[in-house]
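Chemist: I need the structure of the sequence given here:
(3 chains)
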Amino acid sequence: MPPDGLLDCRGVTVRFGGVLALDEVDFSARDRAVTSIIGPNGAGKTTLLNAISGVVPLAGGGISLSGRDLSQSPPHIRARAGVVRTFQNLEIFTNMSALENVMTGCHCQVRYSVLDSLLKTPRYFAGERKARAKAMDCLEFVGLADSAQTPAGDLPFGRQRLLELARALAARPGILLLDEPAAGLNMKETRVLGGLIRRIRDEQGVAVVLVEHDMDLVMGISDQITVLAFGQVIAKGAPLEVQKDPEVIAAYLGADDRD
Amino acid sequence: MDSASLLQFLISGLTVGSTYGLTALGFTIIFNTTGIINFAQGEFVMLGGMLSVFFMRIAGLDEASAIVLAVAAVTLAGALIERFTIRPVKDASIINLIIITIGVSIFIRGLAMLAWGKDTFALPPFSGDAPIALFGAVVMPQSIWVLAISLLILSGLKAFFSGTIYGKGMLACAQDKKAAYLVGISVERMVLLSFMISGLVGAVGGAILAPITLTSFDVGVILGLKGFAACILGGLGNPFGAAAGGLILGVLESFGAGLLSSAYKDAFAFIILLLLLFVRPSGLFGTREAKRV
Amino acid sequence: MQGLKKDLLLTGAFLSALCLAPWVLPSGYYLTVLIMCCLNAMTVVGLNLLLGYAGQISLGHAAFYGLAAYTTAILTTTLGLPVALGMLAGVGLAALVAFVIGIPTLKLSGNYLAMATLGFGVIVYIFLNETVGLTGGPSGFTGIPRLNAAGLTLSSDRSYYYLTAAVLCAVVLLSLNLIRSRLGRALRALHTSEKAAQAVGIDIARYKLFIFVLSAAFAGAAGVLYAHYLTFIAPSSFGFLFSVELLVMVVLGGMASVWGSVTGAFFLTALPEFLRMFENVEIIIYGAILILCMMFLPRGLAGGVSSLAVRLRGRARPGEDDHAS
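Modeler: Down below sits the predicted model:
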């Protein structure tokens, strides 16, 4: 385990009733790096993201970000600490415009009080201007600036994925968790997404944790890969090492024969 | 408090509770095929009682045929409501459909008031009112009728859902409407059927309760409220839970009235219900609820 | 900030229209109807913040209305405290009760939340009926003083009407302001996806509670104004059916539309007055109108008006579209 881990998961265990979904998983992600989690279906990849973001409770183990223990914190506290995520099945706010979606992402970055909102004080106007500018930057970054005023539900699927990414970026992530961001995208859109993830790492200096089935994408942009199978870590390392790991090959090819 | 009084409370609680259970079953059947909380369910119960009285007095029928006719009429009313207010807008949001059922309930109450005025009516007990002694407690014959008929309806519904193609179709709609549609079940017909069965079950409840509690044009409001509380108590969507919830609510009320005060019996039952919800957010026998509102 | 100007302008126009209304109305009786319209509109706007924007249902708002009315009635009549103090206490108590019951209740969702709030309403209703020594019981509470503030008694219906109209416009403007802020976005966000709202750091429990308390306070404001207007209150005005009526006003007016709520409240409050002439069948017609409106105006009265406007404008200037919220 690298000592400079930004996100550290030690012995993370999650149970659903009698089922052991994650069994003492150790996982860490470095700053300014793309760390991917791969594995056959049902390996527990999304469960691990859910455990990190606080959506499912831990049955054991601990999670910390930059040394701060988050194991018991509710999801919104983790988000404020910098653990920001996207969802496999899009969770955009369909009752708002694209811009408002991303401005909602700025919720904790641009603050003013309830009284400021009710009475429209100068602090309200300053805050709204700042949120709008920040949100436009994020939309621009993912290439959605021209759709700012479009109702989010009217955007085509691929652009909704980008919108969710922009919203996550607006929340100023310390670490960005992406849950199958390429699912449902065509090849061209996937290439654009890969470029964006690289730029998030390189230009914005944000660490990314990527759960993804598209192996071309994963192998192309990952600095580090962790392989899960049946709720356990079976390998971790650089893309080339992982690809050659016999246990990984067995897990993928013979997943059905393992027991 | 001696055991005879406790038994007495239990009997009267179970009697009233079984009609709550029948109302709750009506809610559950419509909820399962449509996701709607049918605010007119209480009006089905009211109509069951009022129409029985009406057919007896005005048309001069004997009690049994009056009740059968009343139940048939309410079943038909259920069909008409579905056909003319729900089916034409079946793609509307759940909350809109619920408001439509509120409109329907107001409409039916208005009709009932116009037809029968604001007086209360009584239906004669089915087999006299000579009380039967039971371990020191007293059981009215009508209570036995109520319990027996409720049990009959419950087992009839169970047989219908597990034994007939229509019943299975309705269960399939409750599980997954789209999937049911894809395997060739006519969802429209199932929704129609669910309104008819709810009307039937509600009317039976109204007819068997009328000899005990009297009936008037506005009894549907409070019975609907109790029926809804019963389904939530049991866990919405679960027919067994609805019936059980009704019995529990009835018994709670009866003990609240007997041991505390009759003025606060409803408050007592609702406080228990709230406390229960805080501990079990989906009722006693419920699983999780899909967000509907 | 185009929207803000529009809000101010519309609210100003609405207030002027309300102020002019007494001059054109045929009799003083309609003033009472208008006051009731304004009071219901306050409550409904608050309830729409909760239901239409934040997606949390309440079938117990009549209880907040009633609690506030009884609080100020008891404080000012039984204890002889100043009316202004009683009114403040009434609104405060409604908000406080909402806060206390909101904490456990708002963990529920959907129909279970509806049941819990409904149950709360029924419990309050029973206590208002049964604590006869305090509330006067089912026969009601009489002799509540009219509002007098700063030595000025608002004894005439007309001056009281201006007061309620002004309070309603304040409630409307505050609500519009709230919606166009980070708070409003947070509410709409947790309505669509609680998961995603949490994932950007929104404390959903806190916002649900906040909006529940605020909407209870709006209901409370209407309640205290009601008590000091009629000078007589009875539990039957604050029962389950009134909670349902408020809910109907929200949906019929248009979910997530402040102006829709005002329209819905005015429409359904005034409707029975127009149906008076039908005597025995007025309830039937009321029910039928409700059914037909919901069938043919799925987005409520507000939605109906705006799609009509879009259609008219589309015919006049094709290609233009209105994305303003």
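Chemist: the strands in the stretch 101-250 of chain C, which residues?
Modeler: Along the stretch 101-250 of chain C, counting by DSSP state E, counting those that start in this stretch, strands occupy C:141-142, C:148-149, C:152-153, C:232-233.
Chemist: what do you get for chain A?
Modeler: Per DSSP state E, chain A has strands spanning A:5-16, A:19-30, A:34-38, A:60-65, A:68-69, A:83-85, A:175-179, A:207-211, A:224-229, A:232-237. These are given in chain order.
Chemist: Name the residues that touch the first one?
Modeler: For strand A:5-16, contacts defined as CB atoms under 8 Å, 6 or more residues apart in numbering or on different chains pick out A:1, A:20-31, A:44, A:47-48, A:50-52, A:56-66, A:83, A:174-175, A:207, A:209, A:231. In short, each C-beta sits where N, CA and C put it, glycine included.
Chemist: now do the fifth one
Modeler: Contacts of strand A:68-69 from elsewhere in the structure, counted by CB under 8 Å, 6+ apart, are A:Gly62, A:Ile63, A:Ala81.
Chemist: Centre of the chain to that strand, how far?
Modeler: Between the mean C-alpha point of strand A:68-69 and the mean C-alpha point of its chain there is a distance of 19 Å (CA atoms, centre = their mean, to the nearest Å).
Chemist: Check the third one too.
Modeler: What separates the centre of strand A:34-38 from the centre of its chain is 11 Å, taken as CA atoms, centre = their mean.
Chemist: Equivalent analysis for the last one, please.
Modeler: Going by CA atoms, centre = their mean, the spacing between the C-alpha centre of strand A:232-237 and its chain's C-alpha centre is 20 Å.
Chemist: that older thread, hey, which of the strands of chain A is tucked in deepest?
Modeler: Burial among the strands of chain A, expressed as mean neighbours by mean count of other CB atoms under 10 Å in any protein chain shown, is greatest for strand A:83-85, which shows a mean of 28.
Chemist: is it anywhere near chain C?
Modeler: Yes. For a cut-off given as CB under 8 Å from any CB of the partner chain, strand A:83-85 has contacts with chain C, namely A:Val84, A:Arg85.
Chemist: Run through the neighbouring helices and strands of that strand.
Modeler: On a contact count with 3 or more CB pairs under 8 Å, 6 or more residues apart in numbering or on different chains; DSSP states H and E, strand A:83-85 meets helix A:45-53, strand A:175-179.
Chemist: Distance to chain B and mean pLDDT for those - can I get that in TSV?
Modeler: Compiled in TSV, the helices and strands packed on strand A:83-85 are given as follows (distance: least, CB to the nearest CB, whole Å; pLDDT from 0 to 100):
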stretch	distance to chain B	mean pLDDT
helix A:45-53	16	95
strand A:175-179	21	96
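Chemist: rewinding a little: in a markdown table: the strands of chain A, plus distance to C:Asp203.
Modeler: Formatted as a markdown table, the entries for these read as follows, by distance: least, CB to CB, whole Å:
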| stretch | distance to C:Asp203 |
| --- | --- |
| strand A:5-16 | 22 |
| strand A:19-30 | 26 |
| strand A:34-38 | 28 |
| strand A:60-65 | 18 |
| strand A:68-69 | 18 |
| strand A:83-85 | 15 |
| strand A:175-179 | 20 |
| strand A:207-211 | 24 |
| strand A:224-229 | 31 |
| strand A:232-237 | 33 |
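Chemist: Looking at the ones you listed, spot the one closest to C:Thr11.
Modeler: Of all those, strand A:83-85 sits nearest to C:Thr11, with 37.7 Å by CB to CB.
Chemist: who touches the closest one?
Modeler: Here strand A:83-85 makes contact (CB under 8 Å, 6+ apart) with A:7, A:49, A:52-54, A:65, A:70, A:168, A:171-179, C:199-200.
Chemist: One more: stretch A:245-252?
Modeler: Residues lying outside stretch A:245-252 but in contact with it, judged by CB under 8 Å, 6+ apart, are A:Gly39, A:Pro40, A:Val227, A:Ala229, A:Ile234, A:Ala235, A:Gly237, A:Val242, A:Arg258.
Chemist: Can you report how many residues neighbour the closest residue to the fourth one other than its chain neighbours?
Modeler: In this case it means A:Ala229. Sequence neighbours aside, A:Ala251 is the residue nearest to A:Ala229 in space, at 4.3 Å (criterion: CB to CB, 6 or more residues apart in numbering or on different chains). Number of residues near A:Ala251 (other CB atoms under 10 Å in any protein chain shown) recorded here: 21.
Chemist: Tell me which of the helices and strands packed on strand A:83-85 approaches B:Thr19 most closely.
Modeler: Nearest of those (CB to CB): helix A:45-53, 45.2 Å.
Chemist: wait, does that closest one contact chain C?
Modeler: Yes. Applying CB under 8 Å from any CB, one finds that helix A:45-53 is in contact with chain C at A:Ser53.
Chemist: Show me what that helix packs onto, helices and strands only.
Modeler: Using 3+ CB pairs under 8 Å, 6+ apart, helix A:45-53 is in contact with strand A:5-16, strand A:19-30, strand A:34-38, helix A:75-81, strand A:83-85, strand A:175-179, strand A:207-211.
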